[in-house]
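Colleague: mind looking at a prediction? Sequence and model below.
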Amino acid sequence: ENLPIHNLNRLAQVAGIENDLDAEQFKFLAELTPYCIEARYGDYRESLSEIINEQRAREVYAKTKEIFKWLYQKID
């Protein structure tokens, strides 16, 4: 059975791009994974605001946009 993968580093490995990530990107994906899990499940959604402040959320959002841009370049 194909279960969902929430670990972004594991997902990068499965996608075959793990070795294309630089150390900073790899570290950021590890940092981002818990936020993705927290946001995905309703019971945890409220607690997400307790573990990240607005400034940090803006930083994470900006870095996430960079990762998306990099990924889109990889598939183009």
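Modeller: Alright, I've got the coordinates.

Colleague: what about the closest residue to residue 32 other than its chain neighbours, neighbour count?
Modeller: Ranked by CB to CB, 6 or more residues apart in numbering and with sequence neighbours excluded, the top spatial neighbour of residue 32 is residue 8, at 5.8 Å. C-beta coordinates here come from the backbone N, C-alpha and C atoms, glycine included. By the criterion of other CB atoms under 10 Å, residue 8 has 20 neighbours.

Colleague: for residue 8, give me its contacts.
Modeller: 29, 30, 32, 33, 36 (CB atoms under 8 Å, 6 or more residues apart in numbering).

Colleague: at 6 Å what do you get?
Modeller: By CB atoms under 6 Å, 6 or more residues apart in numbering, residue 8 lies in contact with 29, 32, 33.

Colleague: could you check how far the last one is from residue 49?
Modeller: Shown here: residue 33 relative to residue 49, a distance of 18 Å by CB to CB, to the nearest Å.

Colleague: these two - which one has more neighbours?
Modeller: Per other CB under 10 Å, whichever of residue 33 and residue 49 has more neighbours is residue 33, with 17 against 11.
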